[in-house]
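Visitor: quick one: sequence plus predicted model below, questions after.
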Amino acid sequence: MNADPFETDPALARAVGYPYDITNHSFTFVDGAAALFDPALRSGRRPVIGYGSNQSPIRLRQKYGTEHAPIPVQRAWLDDHDVVFSAHFSSYGSLPAALRYVPGTRVAVAVNWLSEVELAVMHPTEIDSYHFARLTGISLALDGGETIEAAWAYLSFRGHVGEDAQPFALAEVAAEGRQLTAITQREALALMRDRLAPGEPLDAFVRAHIDDPAIRAARVRALEVTAVPVFHAAHEVEAV
């Protein structure tokens, strides 16, 4: 039996592994790893909603390394939203997440409490495809019982991957009252392969836009042409 290249090739495993190890508990990100959550560390920091891989200690370590101030990461439920696929491919091969306003759906997210120094690290990893914005009039129920009505998030401006004018939700992200069809990262990549390069082996398709920025850019342009328009709650974009 032939080995699955998505298990044996680290680059392909990273592509289909998105959004990685989403924890179901709050934690403090310390020395590149998850430790006990300390709510006192939130003071003086901004609540930034992590809804894709920014919920994951693995991805936070890729961005912040192991030498950084402790970062509180608090589990939460965000009302009237779901997490869908942004209409672009990341440099590591995945279809990244996007936040979408979906009245009646409640989605599990993480709140990364970030200092201005930590935001300066985060911004360059997001701003090619997202706007940094302050959401207002939301209901964000934090682990521990508190609910807040405003928070920041990186909002997609490229459109969302979908079919028949409806985006697909990320199956890897938990939700209550989900109205959108949920598919996995691997299923989403296979669907994009069927649209953009029918008949090509999935591993070759994903490897091509990992290895060749020109192929990736061409495919992103193709995704944008058929993308479902973004739909966001009330927000104000902040210059970064």
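Guide: Arrived safely.
Visitor: so where's the protein uncertain?
Guide: For the chain, the stretches with pLDDT under 70 are 1.
Visitor: tell me where it has helices.
Guide: For the chain, applying DSSP state H gives helices covering 5-8, 10-17, 57-64, 116-122, 185-196, 202-211, 213-225.
Visitor: please name whichever of these is nearest to residue 87.
Guide: Among those, the nearest to residue 87 by Cβ to Cβ is helix 213-225 (4.2 Å). C-beta coordinates here come from the backbone N, C-alpha and C atoms, glycine included.
Visitor: centre of the chain to that closest one, how far?
Guide: Computed by Cα atoms, centre = their mean, to the nearest Å, the chain-centroid distance of helix 213-225 equals 19 Å.
Visitor: list the buried residues in that helix.
Guide: Of all the residues in helix 213-225, those buried under the rule 16 or more other Cβ atoms under 10 Å are 215, 216, 219, 220, 223.
Visitor: now, which of these sits nearest residue 161?
Guide: Sorting the buried residues of helix 213-225 by distance to residue 161 puts residue 223 at the head of the list, at 6.5 Å, by Cβ to Cβ.
Visitor: how close does the residue lying closest to that closest one once chain neighbours are set aside get to residue 132?
Guide: Nearest non-adjacent residue to residue 223, counting by Cβ to Cβ, 6 or more residues apart in numbering: residue 87, 4.2 Å away. Counting by Cβ to Cβ, to the nearest Å, the gap from residue 87 to residue 132 is 19 Å.
Visitor: between those two, which one's more packed in?
Guide: When residue 87 and residue 132 are compared on other Cβ atoms under 10 Å, the one with more neighbours turns out to be residue 87, at 29 against 19.
Visitor: do you know how far the more buried one is from residue 114?
Guide: Applying Cβ to Cβ, one obtains 26 Å for the distance of residue 87 from residue 114.
Visitor: list the buried residues in the longest strand anywhere in the chain.
Guide: If you go by DSSP state E, the chain has its longest strand at strand 97-114. Neighbour-count burial for strand 97-114, with 16+ other Cβ under 10 Å as criterion, is recorded at 97-102, 105-114.
Visitor: could you figure out how far that strand is turned away from helix 57-64?
Guide: Angle between the axes of strand 97-114 and helix 57-64 is 70 degrees (criterion: axes from the mean of the first three to the mean of the last three Cα atoms, to 10 degrees).
Visitor: how far does strand 97-114 sit from the chain's center?
Guide: Between the mean C-alpha location of strand 97-114 and the chain-wide mean there is a distance of 9 Å, by Cα atoms, centre = their mean.
Visitor: quick one: list the elements packing against that strand.
Guide: Using 3 or more Cβ pairs under 8 Å, 6 or more residues apart in numbering; DSSP states H and E, the elements in contact with strand 97-114 are strand 46-50, strand 71-85, strand 130-142, strand 147-156, strand 175-176.
Visitor: CA atoms of the first one as CSV?
Guide: Coordinates of the C-alpha atoms in strand 46-50 are reproduced here as CSV (Å, rounded to 0.1, in the frame of the first residue of the first chain):
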residue,chain,number,x,y,z
ARG,A,46,-6.4,44.2,23.5
PRO,A,47,-8.8,41.3,23.0
VAL,A,48,-8.1,40.0,19.4
ILE,A,49,-10.3,37.2,18.2
GLY,A,50,-8.4,34.2,16.9
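Visitor: neighbouring strands for it, and are they parallel or not?
Guide: Applying DSSP bridges to the sheet, strand 46-50 is found paired with strand 97-114 (antiparallel), strand 147-156 (parallel).
Visitor: contact partners of it?
Guide: 54, 73, 76, 78, 99, 109-115, 119, 122, 135, 140, 148, 151-154 (Cβ atoms under 8 Å, 6 or more residues apart in numbering).
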